[in-house]
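Trainee: Have a look; sequence and predicted model below, questions after that.
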Amino acid sequence: MSNNSDDSDEFTSGRAEAPSESIVCVDCGGRAHLLSHPPEDGVWQIGEVVAYRCSDCRDRWDIVLAPEGE
């Protein structure tokens, strides 16, 4: 097993871009609203999963947060 720092499955930590209050539902084009509550300290972390629910088709979307600026 190699310990190469170029491995694509390497975990990255740090501050993430804050999630939007709503997104466009991929299935129906409606508005999916954020279900997840912000962390107590207000800082979202890379890799955190946030959930959205579409108000039209009721589908749920789980999004993994990316680093700030991506």
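Mentor: All right, it came through fine.
Trainee: Contacts only, for the nearest residue to Ser36 once chain neighbours are set aside.
Mentor: In this structure, Ser36 finds its nearest non-sequential neighbour in Val50, 4.0 Å apart by Cβ to Cβ, 6 or more residues apart in numbering. The way it works is simple: take the backbone N, C-alpha and C, and place the C-beta from them, glycine included. With contacts defined as Cβ atoms under 8 Å, 6 or more residues apart in numbering, the neighbours of Val50 are 19, 34-36, 44, 62-63, 65.
Trainee: Give me the buried entries from the residues you listed.
Mentor: Among those, those scoring as buried are 19, 34, 44, 63, 65 (criterion: 16 or more other Cβ atoms under 10 Å).
Trainee: these two touch, right, the last one and Gln45?
Mentor: Yes - at 7.1 Å, Leu65 and Gln45 qualify as touching, with contact defined as Cβ atoms under 8 Å.
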